[in-house]
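> give me coordinates for this.
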Amino acid sequence: MMSHPSKNLSDSLTLPNGSTLINRIGKSAMSESLSDTYHNPTENLICLYRKFAEGQTGLIITGNVMVDYQSLERARNIVFGKYSDHNKLKEWAQVSQVNGVQAWVQVSHPGRQVAKHINKKPIAPSKVAAVKKLNAFAKPRALTIEEIQDIQKEFVEACVVAKDAGFKGVQLHAAHGYLISQFLSPLSNLRQDDWGGSVENRARFLIEIIRAVREKVGSSFSIGIKINSSDFKRGGFSEEDSLETMSLLDKELLDLIEISGGTYESSAMLEGNEKAKEKAFFIDFAERARGVTQVPLMVTGGFRNKKQMQEAIDSGCIDLIGLARPLAYDPFITKKILSSETEELPAPKVKVGKGLRGLGEAAWYTRQMYHHARGEGAKDNIKIVPCLLRHFTSDVIRAKTRKGRK
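Model prediction:
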């Protein structure tokens, strides 16, 4: 196990590749959807990340960056590929990394988990539909082996673009029901070839990407992953599957594992694990994960105050505290916590009905990021239903005006 001479939130953390984070707080990825019509960073996105960096969060992980112009999670995702504006990417990397702060790019592919207005012909490991009850997603087509290998190459290319732009690392998004997660789950991966069946076969897609990326970017560039503790769905990717996958990943040259959970069908990533009422989400699982991997662990979700954050670090089961919504509401909250200006993380009262809780709150916090991106402050008086409607209608409109296509 990794040993730490000191475990204060303000202490640095040295990763396996020798890279050092200036403190023990990380920004978890949130989908900003703030690209231009060609899927390059806008001035608003750069303004937002300048604030995140000035807030002194030790590790900043960007929102979903796609590897394929045809396969987006939302209409205005950033895409790292052959049409990327490298000057804009370099500016984004530069403003996100001041005073020792590191920024990593979360690299992702939605697979089947893409709304019909974005892509009517999605792809997936197998021909299994996503979130049937919402009728928002088209039934996917199963990938051929050649297509699987092509997407792996797109992941590698995106990671190389990230390094060339000046980012310090990447995080491969293997959670929340996106493509890598779809390969890992026995519910969405019904393949009978070398890409399906056993945990080892289902993890092959991810592990081969990690190895190919490492070969291209070298040892000093950081590679992390985000993985579900469980899909929280019967017959899906279980805690036992996750632990076995982490054991396999422990043999790879990884620098950080972020633990999360759920998919759009069982949204623990939006609402949290209901079993964890008095502690951060996924902490109990992190204690089990610590027994199968020596890779530093980050847990995001459910932290309410500095005391709770410090206790999680003191427990030794995790190395990094992940924050998402508190930073969406206040990009400077890390600085305030570390300086003891405040002991509490922001917890605004968001009035939302039970049926809209997950998606409604996600839209509300996304809107807060838009306000910060425009140079404004957080706004508590945003109503959920109009916010949610605006969230989806604007995405439909933006999908019709996008231009950066293969």
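> same question for the longest helix anywhere in the chain, mean pLDDT?
Counting residues, the longest helix found in the chain (DSSP state H) is helix 145-165. Averaging pLDDT along helix 145-165 yields 98.
> what's the angle from whichever helix or strand comes after that helix to helix 145-165?
Going down the chain from helix 145-165, the next helix or strand is strand 169-174, by DSSP states H and E. For strand 169-174 against helix 145-165, the angle by axes from the mean of the first three to the mean of the last three CA atoms, to 10 degrees is 150 degrees.
> got a list of contacts for whatever helix or strand comes next after strand 169-174?
Downstream of strand 169-174, the first helix or strand assigned by DSSP H and E is helix 179-184. When contacts are defined by CB atoms under 8 Å, 6 or more residues apart in numbering, helix 179-184 is touched by residues 71, 108-113, 124-125, 151, 172-175, 188-189, 195, 202-206, 209, 227-228, 231, 237, 241, 245, 263. All C-beta spots, glycine's among them, are computed from the backbone N, C-alpha and C.
> so where do the strands sit in the stretch 51-200 of the chain?
For the stretch 51-200 of the chain, the strands defined by DSSP state E, counting those that start in this stretch occupy 59-61, 65-66, 78-79, 102-108, 123-124, 141-142, 169-174.
> tell me which of those sits nearest to K336.
Of all the strands of the stretch 51-200 of the chain, strand 59-61 sits nearest to K336, with 16.4 Å by CB to CB.
> so what are the sheet partners of that closest one and their directions?
Under the criterion DSSP bridges, strand 59-61 sits next to strand 25-27 (parallel), strand 102-108 (parallel) in its sheet.
> let me know the pLDDT of A129.
88.
> count of neighbours near the closest residue to it other than its chain neighbours?
Nearest non-adjacent residue to A129, counting by CB to CB, 6 or more residues apart in numbering: K139, 4.5 Å away. K139 has 13 neighbours, counted by other CB atoms under 10 Å.
> report the contact partners of D85.
Contacts of D85 (CB under 8 Å, 6+ apart): Y38, N40, P41.
> low pLDDT regions in the protein?
1-6, 132-134, 264-279, 352-357, 403-406 (pLDDT under 70).
> quick revisit: need the contact partners of the longest helix of the chain.
Contacts of helix 145-165 with the rest of the structure, by CB under 8 Å, 6+ apart, involve 65-68, 80-82, 84, 86, 89-90, 92-93, 104-105, 107, 109, 123, 143, 169-170, 172, 179, 193, 195, 205, 208-209, 212-213, 216-217, 221, 223.
> restricted to buried residues, select the contacts of D85 in PyMOL.
Of these, the buried ones can be selected in PyMOL as follows, counting by 16 or more other CB atoms under 10 Å:
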select buried, resi 40+41
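> could I get the contacts of D85 as a markdown table with distance to T293?
As requested, the contacts of D85 are exported to a markdown table (distance: CB to CB, whole Å):
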| residue | distance to T293 |
| --- | --- |
| Y38 | 39 |
| N40 | 36 |
| P41 | 33 |
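> ok, so of the contacts of D85, who is nearest K383?
P41 (29.5 Å).
> could you pull out the helices for this protein?
Under DSSP H, the chain gives helices at 43-54, 86-95, 145-165, 179-184, 199-202, 204-217, 239-249, 268-271, 283-289, 306-314, 325-329, 333-338, 357-373, 384-401.
> what distance do you get for the residue lying closest to L248 once chain neighbours are set aside to D250?
Spatial nearest neighbour of L248, excluding adjacent residues (CB to CB, 6+ apart): A203 at 5.5 Å. Distance from A203 to D250, counting by CB to CB, to the nearest Å: 12 Å.
> more crowded one of those two?
Applying other CB under 10 Å to A203 and D250 shows that A203 carries more neighbours, namely 24 against 13.
> report the contact partners of that one.
F183, L184, T245, L248, L249.
> redo those residues as a markdown table? Include neighbour count.
Output for the contacts of A203, formatted as a markdown table (neighbours: other CB atoms under 10 Å):
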| residue | neighbour count |
| --- | --- |
| F183 | 26 |
| L184 | 25 |
| T245 | 25 |
| L248 | 17 |
| L249 | 21 |
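> JSON lines for those, including distance to H391?
Compiled in JSON lines, the contacts of A203 are given as follows (distance: CB to CB, whole Å):
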{"residue": "F183", "distance to H391": "29"}
{"residue": "L184", "distance to H391": "28"}
{"residue": "T245", "distance to H391": "33"}
{"residue": "L248", "distance to H391": "37"}
{"residue": "L249", "distance to H391": "34"}
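> for those residues, which one is nearest D255?
Proximity of the contacts of A203 to D255 (CB to CB) peaks at L249, which lies at 11.3 Å.
> make sure that closest one is actually in contact with T293.
Yes: proximity of L249 to T293 meets the contact threshold set by CB atoms under 8 Å, at 6.8 Å.
> name the residues contacting each of these two.
The overlap between the contact sets of L249 and T293 (CB under 8 Å, 6+ apart) consists of I257.
> could you count how many residues lie near A399?
Other residues within reach of A399, judged by other CB under 10 Å, total 17.
> tell me how far it lies from F392.
11 Å.
> starting at the chain centroid, how far to the longest helix of the chain?
How far helix 145-165 lies from its chain's middle: 17 Å, per CA atoms, centre = their mean, to the nearest Å.
> with just CA atoms, put it into CSV.
This file holds the C-alpha atoms of helix 145-165, laid out as CSV (Å, rounded to 0.1, in the frame of the first residue of the first chain):
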residue,chain,number,x,y,z
ILE,A,145,-14.3,-6.0,-34.0
GLU,A,146,-12.8,-3.6,-36.5
GLU,A,147,-15.0,-0.8,-35.1
ILE,A,148,-14.0,-1.6,-31.6
GLN,A,149,-10.4,-1.3,-32.5
ASP,A,150,-11.0,2.0,-34.3
ILE,A,151,-12.7,3.5,-31.3
GLN,A,152,-9.7,2.4,-29.1
LYS,A,153,-7.5,4.3,-31.5
GLU,A,154,-9.7,7.4,-31.1
PHE,A,155,-9.3,7.2,-27.4
VAL,A,156,-5.5,7.1,-27.8
GLU,A,157,-5.6,10.0,-30.3
ALA,A,158,-7.6,12.1,-27.9
CYS,A,159,-5.2,11.4,-25.1
VAL,A,160,-2.2,12.4,-27.3
VAL,A,161,-4.1,15.7,-28.2
ALA,A,162,-4.5,16.3,-24.5
LYS,A,163,-0.8,15.9,-23.8
ASP,A,164,0.2,18.0,-26.8
ALA,A,165,-2.2,20.8,-25.5
